[in-house]
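*Asks:* what shape does this take:
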Amino acid sequence: MSDISPFCRINAITFLFVFMILMVPGHLVAQMFSVEEPERRTRPATSSFTLGLGFIETDFRPDADEHDVVYNISDPVFRAYLELPGIEAYAGYRGGLGNSDEGSDTLSYLNFGANVSGRLPLAESRSVGVALPVRLSTDFTRIRSTDGGLSESDEFRQSLIAVGIGAGFYYRMSSNIRFRAESVPQIGFTVSSLGTDSGQVTKLNARARLHIDHVFGSIGMAFGYNYSWRRYSGIEERFEYDISSHNVSVGITF
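*Replies:* Below is the predicted model of the structure:
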């Protein structure tokens with residue numbers, strides 16, 4: 001029987017997935033910039049990088065009075081997004097936030113992951129489109145004490161893989177201004193890093209993007225809003241949380 005735990009396997013998949021996503025697009029971007037100068041000026045940007053600030057909140061679903069440690073977080077979190085054709089990677093972090101009901105007043109939150117997406121067009125014209133976005137996601141979330149007040153076994157560490165299909169609206173306002181909005185519910189499984197415990201995860205992600213291309217030559221401006229909700233269930237009761245976040249971001253298109 002293999003000694004490799006489910007957590008090791010899923011974390012290996014997660015890191016390999018993110019690595020591939022960050023490596024492959026470089027070749028695609030190189031191809032995009034190899035075209036002639038006149039074509040490059042008129043071609044819509046296909047990628048963006050943005051930085052954001054958001055608000056995260058944890059909701060412990062079981063009876064808190066029956067558990068020694070309950071994480072209560074309701075704080076801002078810094079985030080970064082790299083979006084390329086069909087793929088994206090993201091990360092969020094904040095230290096010195098929130099509190100637990102017992103043992104620690106200083107927590108850190110870490111979240112990173114990647115999505116592979118596609119579209120099933122329903123209706124399209126030159127300026128307006130409606131489609132069904134299809135998405136495969138992998139994600140890692142960790143909440144832990146930074147002052148030594150809690151043991152490692154009390155840390156919230158979950159790795160997940162989820163898939164889903166949603167609805168999307170796409171609108172080209174002019175040759176260089178584009179807007180899109182998408183909402184994708186997902187379902188999948190999650191594995192705890194603290195053992196072989198596994199369970200289910202339900203997700204909902206909604207986002208809106210406004211891109212203004214070629215503001216500075218081939219570089220444009222990107223503005224975004226993101227909403228995320230995750231429910232962890234079927235695992236140890238002390239880790240059954242709902243985690244939600246809202247954030248806005250600004251950056252560049254290229």
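*Asks:* can you name the residues in contact with stretch 179-187?
*Replies:* For stretch 179-187, contacts defined as CB atoms under 8 Å, 6 or more residues apart in numbering pick out 133, 135, 137, 162-173, 200-211. C-beta: built from backbone N, CA, C; applies to glycine.
*Asks:* so for that stretch, what gets flagged as buried?
*Replies:* 180, 182-186 (16 or more other CB atoms under 10 Å).
*Asks:* in its sheet, which strands sit next to the helix or strand hosting Gly188, and in what direction?
*Replies:* Assigned by DSSP states H and E, Gly188 belongs to strand 177-192. According to DSSP bridges, strand 177-192 has the following sheet partners: strand 156-165 (antiparallel), strand 167-172 (antiparallel), strand 198-216 (antiparallel).
*Asks:* deepest-packed of those strands, please.
*Replies:* Among these, strand 156-165 has the highest mean neighbour count (mean count of other CB atoms under 10 Å), at a mean of 21.
*Asks:* and that one, what's its mean pLDDT?
*Replies:* The pLDDT scores in strand 156-165 average 97.
*Asks:* go on, stretch 182-197?
*Replies:* Per-residue scores along stretch 182-197 average to 89.
*Asks:* and stretch 71-87, how far out from the chain middle?
*Replies:* Relative to its chain's centre, stretch 71-87 lies at 6 Å (CA atoms, centre = their mean, to the nearest Å).
*Asks:* an error on my part: the question was meant for stretch 66-81.
*Replies:* For stretch 66-81, the distance to the chain centre is 16 Å (CA atoms, centre = their mean).
*Asks:* quote the end-to-end distance of it.
*Replies:* 38 Å (CA to CA, to the nearest Å).
*Asks:* also stretch 228-242?
*Replies:* Stretch 228-242 end-to-end distance (CA to CA) = 10 Å.
*Asks:* which of the residues in it are buried?
*Replies:* Quick answer for stretch 228-242 (16+ other CB under 10 Å): 228-232, 235, 238-241.
*Asks:* again, but for stretch 46-59
*Replies:* Those would be 46-48, 50, 52, 54, 56, 58, for stretch 46-59 by 16+ other CB under 10 Å.
*Asks:* save those as a markdown table, and put in distance to Glu124, secondary structure and pLDDT too.
*Replies:* Output for the buried residues of stretch 46-59, formatted as a markdown table (distance: CB to CB, whole Å; DSSP: H, G, I helix; E, B strand; the rest coil; pLDDT from 0 to 100):
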| residue | distance to Glu124 | secondary structure | pLDDT |
| --- | --- | --- | --- |
| Thr46 | 17 | coil | 90 |
| Ser47 | 21 | coil | 96 |
| Ser48 | 22 | strand | 97 |
| Thr50 | 26 | strand | 98 |
| Gly52 | 29 | strand | 97 |
| Gly54 | 32 | strand | 93 |
| Ile56 | 36 | strand | 94 |
| Thr58 | 40 | strand | 94 |
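*Asks:* for the residues you listed, which one is nearest Leu120?
*Replies:* Of all the buried residues of stretch 46-59, Leu120 sits closest to Thr46, with 19.5 Å by CB to CB.
*Asks:* surely that closest one touches Ile87?
*Replies:* No: using CB atoms under 8 Å, Thr46 makes no contact with Ile87, being 11.2 Å away.
*Asks:* now Leu122: closest residue in space that isn't a chain neighbour?
*Replies:* Closest residue to Leu122 apart from its sequence neighbours, by CB to CB, 6 or more residues apart in numbering: Val130 at 4.7 Å.
*Asks:* same deal with Phe169?
*Replies:* Using CB to CB, 6+ apart, the nearest residue to Phe169 is Ala181, at 5.1 Å.
*Asks:* same check on Asn226?
*Replies:* Arg207 is the one closest to Asn226 (CB to CB, 6+ apart), at 4.7 Å.
*Asks:* who does that neighbour form a beta bridge with?
*Replies:* Going by DSSP bridges, Arg207 forms beta bridges with Glu182, Asn226.
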